[in-house]
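Asker: Compute the structure for the input listed below.
(one chain, ligands or ions: 4)
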Amino acid sequence: MTSQGMVFNLQRYSLHDGPGIRTTVFLKGCPARCWWCHNPESQLPMPEISSFQKVCLSCGACFDACPERLDTATTCTLCGACTEACPTGARQIVGREMSADEVMASLLKDRFFYEDSGGGVTFSGGEPLCQPDFLKTLLSRCRDHEIHTAVDTAGLCPPETLAEIAPLVDLFLFDLKCAEGKRHLQGTGIDNGGIVSNLALLSRLHANIWLRIPVVPGFNASEEEMCALAKVSSETPGIRHVWLLPYHATWTGKQARFGTMATGATQPAPPTMEVLEVFAKIFRDIGVPTSIGGQ
Ligand SMILES: C[S@@+](CC[C@H](N)C(=O)[O-])C[C@H]1O[C@@H](n2cnc3c(N)ncnc32)[C@H](O)[C@@H]1O
Ligand code: SF4
Ligand code: SF4
Ligand code: SF4
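Answerer: Numbers count the residues shown, from 1 in each chain. Ligands and ions are numbered 1, 2, ... in the order given. This next block holds a predicted model:
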């Protein structure tokens with residue numbers, strides 16, 4: 001099993017990625033390009049330079065320090081000279097190769113919080129199933145330490161990978177973003193056929209799945225779409241709970257940060273609580289336990 005992987009963040013005291021107090025390990029790399037993704041820095045599988053314009057003083061120190069004169073598109077070697085020269089932290093390298101030992105040392109620091117709160121460790125991203133060997137190593141090591149694990153995934157992997165990982169995981173947070181194939185492709189850049197069949201496969205292998213649905217205006221925030229997703233939820237045996245995650249617009253600041261533009265993205269207003277309650281009722285009316293927000 002691989003003992004090295006590409007990590008872009010380790011977030012301690014996380015309260016929204018499963019039960020209790022958790023540490024969330026964000027693995028870098030995702031084949032999808034959801035335009036609303038609040039972690040755009042997770043998408044490329046390799047380290048990258050970020051430049052957060054909101055805290056940039058335009059002082060030019062990064063330009064002066066860079067042997068390539070900031071020609072990042074073609075010649076950046078990720079040497080880090082610009083990030084060291086930056087006085088505000090506006091310029092950073094995101095993503096670094098970490099060993100399983102390093103990650104575990106960090107996770108074990110909080111094991112008493114996990115035990116006291118009924119929490120544990122969540123692997124997210126990016127798409128954590130894109131680094132299956134590293135993920136397997138970390139899941140096995142957590143199990144050795146009796147740490148509860150969750151995997152936050154959009155099901156973007158071959159079915160064999162999912163089948164191998166499933167027995168090592170205590171809880172799946174599985175995203176199904178849209179039941180309608182064409183709309184899914186337009187919003188995420190990925191066909192949902194493999195995701196739907198992976199969810200069906202997982203429901204035969206695992207009895208503890210929470211389905212998470214980001215409610216994104218202009219993409220899936222309609223009664224028609226929620227009815228279709230509610231039907232899938234009620235017909236999929238392992239789904240214990242559905243969470244409707246209200247869209248939020250933190251991605252807009254980050255898009256500036258990474259210099260990438262989302263496809264055709266305007267910034268919609270987040271859904272109101274009234275609308276979310278109407279959507280939640282659609283699920284509850286057919287017997288699917290449903291909450292609003294992440295846990
Ligand atoms: C960044 S994703 C990483 C895991 C996996 N790739 C996925 O999409 O499920 C983690 C969670 O954040 C949610 N999410 C992403 N962008 C969001 C946004 N702008 N508003 C609300 N939830 C968002 C996703 O739907 C998913 O449940
Ligand atoms: S990491 Fe190095 S090469 Fe890349 S932009 Fe910064 S200083 Fe230039
Ligand atoms: S060094 Fe930092 S603050 Fe100065 S121009 Fe570069 S990114 Fe902006
Ligand atoms: S699948 Fe998840 S990580 Fe990948 S782009 Fe979509 S929200 Fe972001």
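Asker: Let me know whether the lengthiest strand in the chain sits next to ligand 4.
Answerer: Selection of the longest strand in the chain by residue count, based on DSSP state E, yields strand 4-14. No. Under the criterion of CB under 6 Å from any ligand atom, ligand 4 is not reached by strand 4-14; the shortest gap measures 10.7 Å. (C-beta placed from N, C-alpha, C; glycine too.)
Asker: Show me what the helix or strand following that strand is packed against.
Answerer: Sequence-wise, the next helix or strand downstream of strand 4-14 (DSSP states H and E) is strand 22-27. Packing partners of strand 22-27 (3 or more CB pairs under 8 Å, 6 or more residues apart in numbering; DSSP states H and E): strand 4-14, helix 100-108, strand 120-125, helix 132-144.
Asker: helices or strands next to whichever helix or strand comes after the longest one in the packing?
Answerer: Per DSSP H and E, helix 132-144 leads on to strand 149-153 as the next helix or strand towards the C-terminus. With contacts defined as 3+ CB pairs under 8 Å, 6+ apart, strand 149-153 has these neighbours: strand 120-125, helix 132-144, strand 171-175.
Asker: quick one: average confidence on strand 149-153?
Answerer: In this model, strand 149-153 has a mean pLDDT of 98.
Asker: before we move on, the earlier item: check the helices and strands packed on strand 149-153 for me and report the most buried one.
Answerer: Counting by mean count of other CB atoms under 10 Å, strand 120-125 has the highest mean neighbour count of those, with a mean of 26.
Asker: List the strands paired with it, with their directions.
Answerer: Next to strand 120-125 in the sheet, as set by DSSP bridges, lie strand 22-27 (parallel), strand 149-153 (parallel).
Asker: circling back: TSV please, covering the helices and strands packed on strand 149-153 and showing distance to ligand 2.
Answerer: Converted to TSV, the helices and strands packed on strand 149-153 look like this (distance: least, CB to the nearest ligand atom, whole Å):
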stretch	distance to ligand 2
strand 120-125	23
helix 132-144	25
strand 171-175	33
